[in-house]
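Chemist: Give me a model of this one.
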Amino acid sequence: MTVWIILGILVVGIVWIISMYNSLVTLRNQVTNGWKQIDVQLKRRHDLIPNLVNTVKGIMQFEQETLQKVIEARSAAMGAHGVKDSAAKESALSDAVSKFMVVVEQYPQLRSSENVKSLQEELTSTENKISFARQFYNDIATKFNTAQQVFPGVVIAGMFNFQPAELFEITEAAERNVPQVDLTLRK
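Modeler: Purely as a prediction, here's the structure:
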């Protein structure tokens, strides 16, 4: 009888270890998928930017510095490796694109161009998708990290050498500041 009890405890223990391991593997794969979803949207943005730049390049002769900053930021972002590097370089690209869009708005002939409008809408849509993909990634990465840090997951994560996932973070201190909005009509 004692042998059966010990055998039963061993079987339950093995099933528990397998279950916890499978849960951690599932979460790790979801983290990887979340990162790949961000990657897809970043590729889409990287493909859209040259089209927008080329469309407005001839008209924006006086804004070559702005165009150059967008191109340089895009090149740097395409060469990013890992979550932290990507977050920093994509943040710089977002800043450059944002400034670029403000400059585009200053040119009436660009605002009325259907190609520019279409590309701006595509880029805005892509920026929103990137934001949602980052949020999903951070959510699943946090869930994965938490599963590794709480008992009994910490035991299994340690046994099988699971590593925590990096989170996307704001890298520019200025991005954390609350924007100042002045709705008065004073000049």
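Chemist: Which elements pack onto the longest helix anywhere in the chain?
Modeler: Criterion DSSP state H: the longest helix present in the chain is helix 2-57. Other elements packing on helix 2-57 under the criterion 3 or more Cβ pairs under 8 Å, 6 or more residues apart in numbering; DSSP states H and E are helix 64-78, helix 82-105, helix 114-149, helix 153-159. Heads up, the C-betas are built off the backbone N, CA and C, glycines and all.
Chemist: starting at the chain centroid, how far to the longest one?
Modeler: In this case it means helix 114-149. Distance of helix 114-149 from the chain centroid (Cα atoms, centre = their mean, to the nearest Å) equals 5 Å.
Chemist: what comes up buried for it?
Modeler: Using 16 or more other Cβ atoms under 10 Å as the test for burial, helix 114-149 gives 116, 119-120, 122-123, 126-127, 129-130, 133-134, 137-138, 140-141, 144-145, 147-148.
Chemist: for the chain, what helix or strand is lowest in average pLDDT?
Modeler: The weakest-scoring helix or strand in the chain, judged by mean pLDDT, DSSP states H and E, is helix 108-111 (a mean of 68).
Chemist: For residue 165, which phi and psi angles does the backbone take?
Modeler: Phi and psi for residue 165, reported as degrees, to the nearest 10, are phi -90, psi 140.
Chemist: nearest residue to it other than its sequence neighbours?
Modeler: residue 141 (3.8 Å; Cβ to Cβ, 6 or more residues apart in numbering).
Chemist: who touches that neighbour in this structure?
Modeler: 31, 34, 165-167 (Cβ atoms under 8 Å, 6 or more residues apart in numbering).
Chemist: again with residue 83
Modeler: 35, 165-168.
Chemist: and which of these is nearest to residue 100?
Modeler: For the contacts of residue 83, the minimum distance to residue 100 (Cβ to Cβ) is 22.3 Å, reached by residue 168.
Chemist: Please give the element, helix or strand, for that closest one.
Modeler: Assigned by DSSP states H and E, residue 168 belongs to no helix or strand.
Chemist: Is it correct that it is in contact with residue 134?
Modeler: Yes - if you go by Cβ atoms under 8 Å, residue 168 and residue 134 touch, sitting 4.8 Å apart.
Chemist: Give me the common contacts of those two.
Modeler: Common neighbours of residue 168 and residue 134, counting by Cβ under 8 Å, 6+ apart, are residue 38.
Chemist: Pull up the gap between the residue lying closest to residue 142 once chain neighbours are set aside and residue 99, please.
Modeler: Closest residue in space to residue 142, ignoring its immediate chain neighbours: residue 167 at 6.9 Å, by Cβ to Cβ, 6+ apart. In this structure, residue 167 and residue 99 are 26 Å apart, going by Cβ to Cβ, to the nearest Å.
Chemist: Understood, closing this out.
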